[in-house]
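Undergrad: From the sequence below, what's the structure:
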Amino acid sequence: MSQTESNVTALNTADDWQLRVDLAAAFRLTAENDWHEAVANHFSLAVSPDGKEFLMNPRNRHFSLVKASELLLLNADDRSCMDTPNAPDASAWSIHGAIHRLHPNARCVLHVHPPYATALAGLKDPTIRPIDQVTARFYNNVAYDLEFGGIAEGEAEGERIAGVLGNRRIMMMGNHGVTVVGDTVAQAFDDLYHLERACKTMVLAYSTGQPLNEMPHELAEQVREEWVGFIDGSYQDHFDQAKELLDRKDPSYAS
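TA: This next block holds a predicted model:
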């Protein structure tokens, strides 16, 4: 039995297959938005109650080619999976293994280097300021990792990153990129989409050279809380319609 066949067999119910399809869709949508970097970056999705068994993209597979059937099934407590065919790269295991091992509620973990978020993360102060509705969505609601220790290839660096993330859903990673976690692929994808939009707004605003017009603290908090109800009613629709567009162009992600 091939690695792909064993992975599919391990997740063979309709619900389990849908998890694979949703994660594969997130890879394709990320590639379409140009948020990925070459054949690096990685997404994962927990499939066990304790969060330690998770799906992940195989090593060096371009996001635009990922299919549901080829996602790897890994266990955060079993490093021997790194010796299997197409095992993820060391940094993928370091970051995602640590987060799934230490944060069972982090079901979906998206780690990418999108251009605007990565540019903002390269500033001495990468804070997302509340200068419009979308930036205010992230007001005082982001973990900032400013202690970049090089490419995360060891378990210690992965555990440090997981510690900085804490119970946040969004982490700006200084000199690196971003990590977004969510209860579902749809939720995490919607956060990633709006995070990159917010960072684009920040970079464009900074590029004018004029002072930022930040919302007062009370207003920024109000707008952030207003987002909560809006997100709950929209993130699944956003993801479902994005998948519908994928289906019209190339439904192979679901194979």
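
Undergrad: which residue is nearest the centroid of the protein?
TA: When C-alpha atoms, centre = their mean is applied to the chain, the residue found nearest the centroid is residue 110 (1.6 Å).

Undergrad: Apart from its chain neighbours, what residue comes closest to residue 50?
TA: Ranked by C-beta to C-beta, 6 or more residues apart in numbering and with sequence neighbours excluded, the top spatial neighbour of residue 50 is residue 104, at 5.4 Å. In short, each C-beta sits where N, CA and C put it, glycine included.

Undergrad: same question, residue 34
TA: Nearest non-adjacent residue to residue 34, counting by C-beta to C-beta, 6+ apart: residue 115, 7.1 Å away.

Undergrad: Could you report the distance from the one you found to residue 122?
TA: With distances taken as C-beta to C-beta, to the nearest Å, residue 115 is found 11 Å from residue 122.

Undergrad: Can you pick out the residue with more neighbours from these two?
TA: Taking other C-beta atoms under 10 Å, residue 115 and residue 122 do not tie; residue 115 has more neighbours (15 against 12).

Undergrad: what helices or strands is the helix or strand residue 191 falls within leaning on?
TA: Using DSSP states H and E, residue 191 falls within helix 185-207. For helix 185-207, the elements it packs on are helix 14-32, strand 108-112, helix 115-121, helix 133-136, strand 177-182, helix 217-249, judged by 3 or more C-beta pairs under 8 Å, 6 or more residues apart in numbering; DSSP states H and E.

Undergrad: what's the closest of those to residue 161?
TA: Ranking these by distance to residue 161, with C-beta to C-beta as the measure, places strand 177-182 first at 7.4 Å.

Undergrad: tell me the angle the closest one makes with strand 108-112.
TA: Interaxial angle, strand 177-182 versus strand 108-112 (axes from the mean of the first three to the mean of the last three C-alpha atoms, to 10 degrees): 160 degrees.

Undergrad: Check the offset of strand 177-182 from the chain's centre.
TA: How far strand 177-182 lies from its chain's middle: 4 Å, per C-alpha atoms, centre = their mean, to the nearest Å.

Undergrad: ditto for stretch 137-152
TA: Centre-to-centre, stretch 137-152 and its host chain are 13 Å apart (C-alpha atoms, centre = their mean).

Undergrad: in it, what's buried?
TA: Going by neighbour count (16 or more other C-beta atoms under 10 Å), the buried part of stretch 137-152 is 137-139, 142-145, 152.

Undergrad: And for residue 131, the neighbour number?
TA: For residue 131, the neighbour count with other C-beta under 10 Å is 17.

Undergrad: scratch that, residue 222 is what I was asking about
TA: Count around residue 222 with other C-beta under 10 Å applied: 14.

Undergrad: check contacts around it.
TA: By C-beta atoms under 8 Å, 6 or more residues apart in numbering, the contact set of residue 222 is empty.

Undergrad: One more: residue 46?
TA: By C-beta under 8 Å, 6+ apart, the contact set of residue 46 is 52-54, 100, 104, 106-108.

Undergrad: again, but for residue 190
TA: Residue 190 makes contacts with 182, 231, 234-235, 238-239, as judged by C-beta under 8 Å, 6+ apart.

Undergrad: Ok, residue 215 next?
TA: Applying C-beta under 8 Å, 6+ apart to residue 215 gives the contacts 130-131, 136, 139, 223.

Undergrad: Kindly report the same for residue 95.
TA: Shown in contact with residue 95 (C-beta under 8 Å, 6+ apart): 42, 109, 111, 152, 158, 161-162, 179.

Undergrad: try it again with 10 Å
TA: The contact partners of residue 95, by C-beta atoms under 10 Å, 6 or more residues apart in numbering, come to 42, 44, 88, 109, 111, 152-153, 157-159, 161-162, 165, 173, 179.

Undergrad: Would you show me how to pick out the buried ones of the contacts of residue 46 in PyMOL?
TA: Buried subset of these, written as a PyMOL selection, criterion 16+ other C-beta under 10 Å:
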select buried, resi 52+53+54+100+106+107+108
